[in-house]
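>>> Below are the sequence and a predicted model for it; my questions follow.
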Amino acid sequence: MASTSNAAVVEISQTANKFRSSIVLQYQNKFIDVKSILGLFTTLMTAGSYQLHVHGPDATEASAAMQEVFTKHGMSVELIND
């Protein structure tokens, strides 16, 4: 990530917390609750491709919002429909 990494982590977490759905980021063998800033800080410092799992009553809206915020910060994320 670029020098905006702190801003990206905060915005990703704040966006996720607007939704009731469970939003989990997968990076390799790690699964991180996107609503957890600490979890994001430890995971998003590594450049790579991420998978996003979204489940819940507002999953469609949450998926779109999360895709938008990741893209805004230049991060690649793949939405996974389990």
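Nice, thanks for sending it over.
>>> If you count neighbours, what's buried in the least confident helix or strand in the chain by mean pLDDT?
Within the chain, no helix or strand scores below helix 37-43, which has a mean of 86 by mean pLDDT, DSSP states H and E. Buried residues in helix 37-43, counted by 16 or more other Cβ atoms under 10 Å: 37, 39-40, 43. Where you see a C-beta, it was placed from the backbone N, CA and C, and this is true even at glycine.
>>> JSON lines please, covering the residues you listed and showing distance to Ile80.
Below are the buried residues of helix 37-43 laid out as JSON lines (distance: Cβ to Cβ, whole Å):
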{"residue": "Ile37", "distance to Ile80": "22"}
{"residue": "Gly39", "distance to Ile80": "18"}
{"residue": "Leu40", "distance to Ile80": "18"}
{"residue": "Thr43", "distance to Ile80": "16"}
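>>> Ala8: which of those is nearest?
Distance to Ala8, by Cβ to Cβ, is smallest for Leu40 among the buried residues of helix 37-43, at 8.6 Å.
>>> In contact with that closest one: list those residues for me.
9, 12-13, 25, 32, 34 (Cβ atoms under 8 Å, 6 or more residues apart in numbering).
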